[in-house]
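Trainee: Any chance you can model this:
(one chain, ligands or ions: 2)
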Amino acid sequence: LLSLPATTTIASCRTAMELAAAEPNTAPGEPPRGTAAPSFKVLGVCGGIGSGKSTACKLLVSSCGCLAHIDADKVAHSVYAPGSRAVEDVAARFGEGVLKNGGKGDVCEPREIDRKQLGAIVFADRSAMADLEKIVWPHVGAAIGDTIGKLREEWERSGGTADEPGGRLPVVVLEAAVLLDAGWEDLADGVWAVTVPREDALRRLIESRGLSEAEAAKRIDAQASCRGIGNVPEEVAAGAVTGVVANDGSLSDLERVLRESLEDPSFWKPAKEPC
Ligand SMILES: CC(C)(COP(=O)(O)OP(=O)(O)OC[C@H]1O[C@@H](n2cnc3c(N)ncnc32)[C@H](O)[C@@H]1O)[C@@H](O)C(=O)NCCC(=O)NCCS
Ligand SMILES: Nc1ncnc2c1ncn2[C@@H]1O[C@H](COP(=O)(O)OP(=O)(O)OP(=O)(O)O)[C@@H](O)[C@H]1O
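Mentor: Ligands and ions are numbered 1, 2, ... in the order given. Okay, the predicted model is just below:
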């Protein structure tokens, strides 16, 4: 049986077959014409806070038939498993104050990170965040690689086709704001940046997260120096970002753009020549 971490979502809404049947020019049982299918692919999705990355990734699975969604934020949280090596490395760098109960709990209890305390330090100090990233990213990258490997194995074991009932497009969606800075684009066959006008991101963060305008602005600005967030045109020109998804309309506009993008070969890295 496939055992995947709780950080992976495999949904079962519309199947690739249903999608294919809904496509006017596609024979039932075939993936929609021109999509990245049939070969197994990883789609990296980056973008700033409030741009709509999570919303887009959920739609890619629930409405567009992609296989699974890996959320790097959740993977990072799982790296701080109580008592893990990462917990001790973080405590050694940032002090016992970033541990629950200041690290002074029952000696038999595994030591746990207090993410709120840690966040208060690193979101206010870019060089502290860089130190944290150095500790955490290698664990996150390895866990993501393992999960992709398991999904690929499972896909291949199932016959590697999208044309069975319940079959889905063999596309694993990897959501990570820091995808490019962390160097995880090598895991992906395409990298999309979700973009939104600043005033829309502000409004969405104020409405959906209850942040004040000043807090929302601070969080948006804190990510402005991240690759694939503050410099999307440059990353497109360099070929690191293969597609831009403008999330400046309604949710149904977003869904339509995602479907079109999945089918557009120019939104993917060029296929590698066989050796
Ligand atoms: C600082 C931590 C403990 C705060 O945890 P908390 O649960 O309070 O916040 P959460 O993880 O949900 O992050 C809040 C927002 O900040 C963004 N964010 C988190 N880390 C980073 C980072 N290094 N650079 C830019 N944005 C980041 C997230 O994408 C999210 O939009 C946590 O974010 C963390 O460990 N960050 C470092 C690891 C990392 O880079 N994670 C991001 C993807 S792997
Ligand atoms: N096209 C849209 N129309 C209306 N609301 C939207 C749209 N896209 C996203 N939203 C809403 O905006 C809010 C932020 O979206 P979402 O959580 O997907 O952003 P995010 O980029 O994943 O943020 P974070 O980096 O914090 O995870 C959510 O409440 C979401 O429902």
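Trainee: what's the offset of stretch 261-272 from the middle of its chain?
Mentor: Chain-centre distance of stretch 261-272: 18 Å, with Cα atoms, centre = their mean, to the nearest Å.
Trainee: Show me what the helix or strand where Glu154 lies is packed against.
Mentor: Secondary structure assigned from DSSP states H and E places Glu154 in helix 126-157. Other elements packing on helix 126-157 under the criterion 3 or more Cβ pairs under 8 Å, 6 or more residues apart in numbering; DSSP states H and E are strand 66-71, helix 72-79, helix 85-94, helix 115-122, strand 169-175, helix 179-182. All C-beta atoms are positioned from the backbone trio N, CA, C, and that covers glycine.
Trainee: So which bits of it are buried?
Mentor: Residues of helix 126-157 classed as buried: 129, 132-133, 135-137, 139-141, 143-144, 147-148, 150-152, 155 (neighbour count, 16 or more other Cβ atoms under 10 Å).
Trainee: ok, which of these also contact ligand 1?
Mentor: 129, 132-133, 136, 140 (Cβ under 6 Å from any ligand atom).
Trainee: Find the residue closest to the residue nearest the centre of the chain in space, skipping its chain neighbours.
Mentor: Nearest to the mean C-alpha position of the chain, by Cα atoms, centre = their mean, lies Glu175 at 0.6 Å. Excluding the flanking residues, the one nearest Glu175 by Cβ to Cβ, 6 or more residues apart in numbering is Cys57, at 4.5 Å.
Trainee: likewise Gly243?
Mentor: Of all residues not flanking Gly243 in the chain, Phe267 sits nearest, at 3.6 Å (Cβ to Cβ, 6+ apart).
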